[in-house]
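K.L.:
Build me a model:
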Amino acid sequence: MFNFLNRFRLGIICILFIGLSFTLGVSLGKNSPSSNSDSVSGLNIINNNVASSSEQIDMAPFWEVWKLLDEKYVATKDTSTSTVITTQDRVWGAIQGMTNILGDPYTVFMPPTDNKDFETNISGNFEGVGMEIGVKDGVLSVVSPLKGSPAEKAGIKAGDKIITIDGKPAADLATDKAVRLIRGPKGSIVKITILRDGNSKPLNFEITRAIINIPTVKTEIKDEVFVISLYNFYAQSQYQFAGALKEFISSKKQRLILDLRGNPGGYLETAVNMASYFLPLGKPIVREEFGNGKEENIYRSKGYDIFTDKLKMIILVDGGSASASEILAGALQEYGVAKLVGTKTYGKGSVQELVSVTDDTSLKVTIAKWLTPSGKSISEGGLTPDYEVKITEADIKAEKDTQMEKAIELLNK
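P.N.:
This is a model prediction of the structure:
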């Protein structure tokens, strides 16, 4: 459960896990609504005040529509089998319309059900198919399937565009609705139809839901190169990453691959801590730009800086590398610590603030964007690798990792 009196930032993409609500760059706060009250159409309306604004706001059309719905609307579905919409549900729907009109998929109002799912998911209890989804270029898409998840085992890939979920057109679904359709108890099945670049026909998947165990770090040695695969940036990740670096140092190897492919992000502070192992004290790692004339916030290296210039390092990235992944990779690329190999990253570089609106609802609102140390907006196209290497369908069938092979080749030169 979130403690809304404490403020911190999440570096997770505000993309929603299926089984894990996924918010990138979130800080937590709490507001205190006033106790104004009024009465309209027989309702006891609490807090009917409007926030101060230089613009005149005419609420009469809103209440006129409310009354017309009360007077004229007839449900076309059998109310004994369909969900009954309460007056409070209509309020939540109106607020969601207010956020939807902004056209920002990361600014979202979460009514009680969604808010409960979000809090449960972020606490680490996951049941679903194990993939993150988000809206990209106006299309509901897969950001990345989690390592070892039912989605990955079924063949879902980063960048897949979702057409239908259990027969329902995805184009007609808000992201939170899509999440609820895909989620479900372990052992149950969800049917998903996707479009994939390079395929002329839609692909159909039947995926059995399961309890999702999210991996964090894996280490191995390939051709005398030490490889750290990092799957998220949650709070515990920084300690496991530190342990992996200790393994690397103990191995006496000088060549390191950090695999961030399919890593959707996590806590911003975790990314800053990880970057600090490679950078001198005070070096900017990421810039937070608020706009509206507000001074930017710069997150700087804590100066662990444990490696010499003998270190040879490559970071693997792809379209599933997002948010905190892009912060770490972008900083190390710009300072010349590491080269990037793979494909262009996702491009999620906005910051959301999570505000408790009531005890059981919350608002996630975009308040800033992230820039690399040199001032490049992460949201505008993501990061471009130094060496672009794509993995083809033929490579996948042959179980050939051409991106890893290229990284090893470059490091062993």
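
K.L.:
and Leu281, how many neighbours?
P.N.:
11 (other C-beta atoms under 10 Å). Heads up, the C-betas are built off the backbone N, CA and C, glycines and all.

K.L.:
if I look at it, how far off is Gly375?
P.N.:
21 Å (C-beta to C-beta, to the nearest Å).

K.L.:
for Ser200, same thing?
P.N.:
41 Å.

K.L.:
Mind checking which of these two has more residues around it?
P.N.:
Each of Ser200 and Gly375 has its neighbours counted (other C-beta under 10 Å); Gly375 has more, 11 against 6.

K.L.:
nearest residue to the more buried one other than its sequence neighbours?
P.N.:
Nearest residue to Gly375, sequence neighbours excluded (C-beta to C-beta, 6 or more residues apart in numbering): Arg287, at 6.7 Å.

K.L.:
so the one you found makes contact with Ser377?
P.N.:
No - counting by C-beta atoms under 8 Å, Arg287 does not reach Ser377; the two are 9.7 Å apart.

K.L.:
which of these two has more neighbours?
P.N.:
Between Arg287 and Ser377, counting by other C-beta under 10 Å, Arg287 is the more crowded of the two (20 against 16).

K.L.:
hmm, back to that, give the residues shared as contacts by Arg287 and Ser377.
P.N.:
Each of Trp370, Leu371 lies in contact with both Arg287 and Ser377 under the rule C-beta atoms under 8 Å, 6 or more residues apart in numbering.

K.L.:
Any idea how many residues pack against Asn71?
P.N.:
Small correction: residue 71 is Glu, not Asn. 8.

K.L.:
i'd like the first residue to be 565 from this point on
P.N.:
Renumbered: residue one is now 565, and that last one reads Glu635.

K.L.:
a strand runs through it, doesn't it?
P.N.:
No - counting by DSSP: H, G, I helix; E, B strand; the rest coil, Glu635 is not part of a strand but helix.

K.L.:
what about the helices in the chain?
P.N.:
624-636, 651-664, 676-686, 714-718, 739-746, 801-814, 832-840, 888-898, 957-961, 966-975 (DSSP state H).

K.L.:
could I get the ones you listed as TSV with distance to Val707?
P.N.:
Listed next are these as TSV, based on distance: least, C-beta to C-beta, whole Å:
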stretch	distance to Val707
helix 624-636	35
helix 651-664	20
helix 676-686	15
helix 714-718	11
helix 739-746	11
helix 801-814	18
helix 832-840	17
helix 888-898	11
helix 957-961	19
helix 966-975	18
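
K.L.:
With respect to Lys786, which of the ones you listed lies nearest?
P.N.:
Proximity to Lys786, assessed across the helices of the chain by C-beta to C-beta, is greatest for helix 966-975 (6.1 Å).

K.L.:
Using neighbour counts, pick out the buried residues of the closest one.
P.N.:
For helix 966-975, the neighbour count (16 or more other C-beta atoms under 10 Å) marks Thr966, Gln967, Met968, Lys970, Ala971, Ile972, Leu974, Leu975 as buried.

K.L.:
The fifth one and Val901: what is the separation?
P.N.:
If I follow you right, that is Ala971. 15 Å.

K.L.:
again with the second one
P.N.:
The gap separating Gln967 from Val901 is 19 Å, by C-beta to C-beta.

K.L.:
Likewise for the first one?
P.N.:
Look at Thr966 and Val901: by C-beta to C-beta, they are 24 Å apart.

K.L.:
again with the last one
P.N.:
For Leu975, the distance to Val901 (C-beta to C-beta) stands at 14 Å.

K.L.:
Before I go, just wanted to say thanks for your time.
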